[in-house]
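**Student:** Generate a structure from the sequence data that follows.
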Amino acid sequence: MRSIRQRKGVVVLRSELSTLGSRSQLTQVLHTLVHGGQLVRVGHGVYAKTRPNRFTGTLMPAGPFESIAAEAFRKLGIDVGPGTLARDYNSGSSTQIPMVAVVTTGRRRITRRIQVGTKRVEYERVKKDTQ
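**Tutor:** Take a look at the predicted model:
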């Protein structure tokens with residue numbers, strides 16, 4: 001737990017912890033930490049730190065979903081950008097705020113699930129003729 005606490009950022013990859021023990025030991029420890037509430041599983045081999053909610057005292061992810069997803073993609077080495085709805089809103093051509101986290105992966109096909117609770121990242125790809 002000390003190793004996880006001292007790491008910068010909110011997202012912890014399983015591969016970052018692989019030097020601390022064998023695969024089975026690491027699996028058991030991560031399972032215990034997730035069920036104990038110290039970590040939240042975000043995806044396959046991707047975990048997020050938690051902190052207590054200042055109003056209810058319950059443990060929740062230590063950052064907003066969008067920043068956790070962005071940090072996870074950065075640590076995994078996956079280049080993503082905002083989806084078309086977010087780009088339209090940011091440019092001012094639309095006044096509708098996108099409610100679903102959609103990221104553009106370019107022409108790359110990604111099937112990795114990034115999810116915290118009920119929030120989940122959706123992917124959109126750029127077609128060959130529009131790029």
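**Student:** buried sites along the lengthiest strand in the chain?
**Tutor:** The residue-count maximum for a strand in the chain (DSSP state E) belongs to strand 46-52. Within strand 46-52, the residues that count as buried by 16 or more other Cβ atoms under 10 Å are Val46, Tyr47, Ala48, Lys49, Thr50. From N, CA and C alone the C-beta is placed, and that goes for glycine too.
**Student:** Please write out the alpha-carbon positions of the helix ranked longest in the chain in CSV.
**Tutor:** Assignment by DSSP state H gives helix 23-36 as the longest helix of the chain. The C-alpha trace of helix 23-36 is given here as CSV (Å, rounded to 0.1, in the frame of the first residue of the first chain):
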residue,chain,number,x,y,z
ARG,A,23,1.8,-12.8,-10.1
SER,A,24,-0.3,-14.7,-7.7
GLN,A,25,0.7,-12.6,-4.7
LEU,A,26,0.0,-9.4,-6.7
THR,A,27,-3.4,-10.8,-7.8
GLN,A,28,-4.3,-11.5,-4.1
VAL,A,29,-3.2,-8.1,-2.9
LEU,A,30,-5.0,-6.2,-5.6
HIS,A,31,-8.1,-8.2,-5.0
THR,A,32,-7.9,-7.4,-1.3
LEU,A,33,-7.3,-3.7,-1.9
VAL,A,34,-10.3,-3.5,-4.3
HIS,A,35,-12.6,-5.3,-1.9
GLY,A,36,-11.3,-3.2,1.0
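**Student:** Show me what it is packed against.
**Tutor:** Helices and strands touching helix 23-36, by 3 or more Cβ pairs under 8 Å, 6 or more residues apart in numbering; DSSP states H and E, are strand 39-43, strand 46-52.
**Student:** Any regions of the chain where pLDDT drops low?
**Tutor:** Low-confidence segments of the chain, defined by pLDDT under 70: 128-131.
**Student:** in it, which spans are strands?
**Tutor:** Going by DSSP E, the chain shows strands at 11-13, 39-43, 46-52, 59-61, 81-82, 102-104, 115-116, 119-120, 122-124.
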